[in-house]
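Engineer: coordinates for the following, if possible.
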Amino acid sequence: MGLDNYLMRRATLVSENPNHGVIGHRSEELHYWRKQYALHEWMRNLYLNKGGTLEDEGFNHVDIILTNEDLDLLEEAVIAGELKKPPHYLDKEAVSIFLSFHSNYKTGQMPEDMAKALKEARSAIQKGYTVYYYSCL
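Structural biologist: Numbering: from 1, shown residues only. Below you'll find the predicted structure:
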């Protein structure tokens, strides 16, 4: 068990028959992270700032649609070192794992995996996809 973080894109499928309209959606993974608790906490705060509410499960299995402005804010947060800080709810062992995993995240720089994810997300938005964050605890 643990945290799985996904950056996804969703396409709306429209029928060729104008009488049927939207017939479904297809989602595809843009990027996957494992146990990115700081990213999860950042997305949770973004979700709440956008007016989202937390149900019994908390911020788990929630799709949060991301805009280019949201991606810009995330990029600024990463560069500022905000995602290097372990969330307050992690126990001592989890904090140790978190810090060793995030040792390659240097303040003032964009980690390669995050830069790639943001580039893919911006490209998907430009192509008309809906981009969203999803997580599973």
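
Engineer: next, the contact list for Ala117, please.
Structural biologist: 7, 30-31 (C-beta atoms under 8 Å, 6 or more residues apart in numbering). Quick note: C-beta positions are derived from backbone N, CA and C, even for glycine.

Engineer: return the helix or strand in this structure with minimum mean pLDDT.
Structural biologist: One helix or strand of the chain scores below all others by mean pLDDT, DSSP states H and E: helix 92-101, with a mean of 70.

Engineer: buried residues in the helix of greatest length in the chain?
Structural biologist: Counting residues, the longest helix found in the chain (DSSP state H) is helix 112-126. Within helix 112-126, the residues scored as buried using 16 or more other C-beta atoms under 10 Å are 114, 117-118, 120-122, 124-125.

Engineer: now the two most distant members of these.
Structural biologist: Met114 and Ile125 (16.5 Å; C-beta to C-beta).

Engineer: longest strand in this structure, please.
Structural biologist: strand 22-34 (DSSP state E).

Engineer: and the next element down the chain from it?
Structural biologist: Using DSSP states H and E, the helix or strand that follows strand 22-34 towards the C-terminus is helix 37-49.
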